[in-house]
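In: Fold the stuff below for me.
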Amino acid sequence: MKLSVIIPVYNERETLLECVRSVLAVELAHEIIIVDDGSTDGTRDLYDEMAALSDIIQVHLQETNQGKGAALVTGFSKATGDIFLIQDADLEYDPRDYPALIRPIEEGIAAVVYGSRFRGGPTKTMFFWHMVGNKLLTLVTNIVYNTILSDMETCYKVFRADVVRDIPIRAKGFEFEPEITSKVLKRGHRIYEVPISYNGREFDEGKKLNPWVEGPKALYYLLKYRFVD
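Out: Okay, here's the model as predicted:
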């Protein structure tokens, strides 16, 4: 099965090249689709150099910053593989976990796999309130959708391609996470979780997610999409 790795990018000049090299080193990707969501920090100056790394790399530029969800929708529309895997560009998630992430789909065990930071993999300690917010949102997901996830907000979400193509995605920003999770579960796909490693970065290293802003929004969309598609 062909693997499409989709990387949404916004102002990741310091980490993007290393991220892409790490993905290439695993030697599992059929294509790497980078969607630059209006970067203004010089990230776009890297793309000529990146093109020399491999001919499996595609770069798609969005003129303005629309959000992670919008970048992923673009990436899904460009991907041609049998499996779609979301990779953040910030080096928090390690592509060496790819074999474990795609194996359940390749073996026909699952159509959707999430990489969990809370199932025993090696992790750098997280911010306490980020962890609390994640646990709360995951608990709400489990109650509302009758499941037992441990990490709804994880970046590492992997889909059989036909599953994603069948789902309308309206999210522009980080609300992509609750929306896609809600709609996957409503369509009867049980999510398979595998433990992953995690090396969370600090705010002065470019971390963008603000739990006080994104947490309430995620809670709203978890409840909304239980009743609206």
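In: tally of neighbours for the nearest residue to Val26 once chain neighbours are set aside?
Out: Closest residue in space to Val26, ignoring its immediate chain neighbours: Pro95 at 4.7 Å, by C-beta to C-beta, 6 or more residues apart in numbering. Where you see a C-beta, it was placed from the backbone N, CA and C, and this is true even at glycine. Counted by other C-beta atoms under 10 Å, the residues lying close to Pro95 total 21.
In: Test my guess that Pro95 contacts Gln87.
Out: Yes. At 6.8 Å, Pro95 and Gln87 qualify as touching, with contact defined as C-beta atoms under 8 Å.
In: picking that back up, contact partners for the residue nearest to Val26?
Out: Residues in contact with Pro95, defined by C-beta atoms under 8 Å, 6 or more residues apart in numbering, are 5, 22-23, 25-26, 87.
In: Quick check on it: phi, psi?
Out: With angles defined as degrees, to the nearest 10, Pro95 sits at phi -60, psi -10.
In: tell me the pLDDT at it?
Out: In this model, Pro95 is scored at 98, pLDDT.
In: so where do the strands sit in this protein?
Out: Along the chain, counting by DSSP state E, strands occupy 3-9, 29-37, 57-62, 83-86, 112-116, 157-160, 192-195.
In: and the contacts of Pro95, which are buried?
Out: 5, 22-23, 87 (16 or more other C-beta atoms under 10 Å).
In: and the two most separated of these?
Out: The most widely separated members of the buried ones among the contacts of Pro95, counting by C-beta to C-beta, are Val5 and Ser22 (10.5 Å).
In: Tell me where the model's unsure across this protein.
Out: 124-127, 201-213 (pLDDT under 70).
In: who's sitting farthest from the centroid in it?
Out: Distance from the C-alpha centroid of the chain peaks at Ala52, with 25.2 Å (C-alpha atoms, centre = their mean).
In: ranges for the helices of this protein?
Out: 16-26, 47-51, 68-78, 98-106, 128-145, 161-165, 176-186, 211-227 (DSSP state H).
In: and the fourth one, what other elements does it pack with?
Out: Read that as helix 98-106. Contacts defined by 3 or more C-beta pairs under 8 Å, 6 or more residues apart in numbering; DSSP states H and E place helix 98-106 against strand 83-86, strand 112-116, strand 157-160, strand 192-195.
In: Same question for the first one.
Out: Packing contacts for helix 16-26, counted by 3+ C-beta pairs under 8 Å, 6+ apart, involve strand 3-9, strand 29-37, helix 47-51.
In: okay, those, which one's buried deepest?
Out: Highest mean neighbour count among the helices and strands packed on helix 16-26 (mean count of other C-beta atoms under 10 Å): strand 3-9, with a mean of 25.
In: Give me the contacts around that strand.
Out: Contacts of strand 3-9 (C-beta under 8 Å, 6+ apart): 16, 19-20, 23, 28-37, 39, 43, 68, 71-72, 75-76, 79-89, 95, 98, 102, 161.
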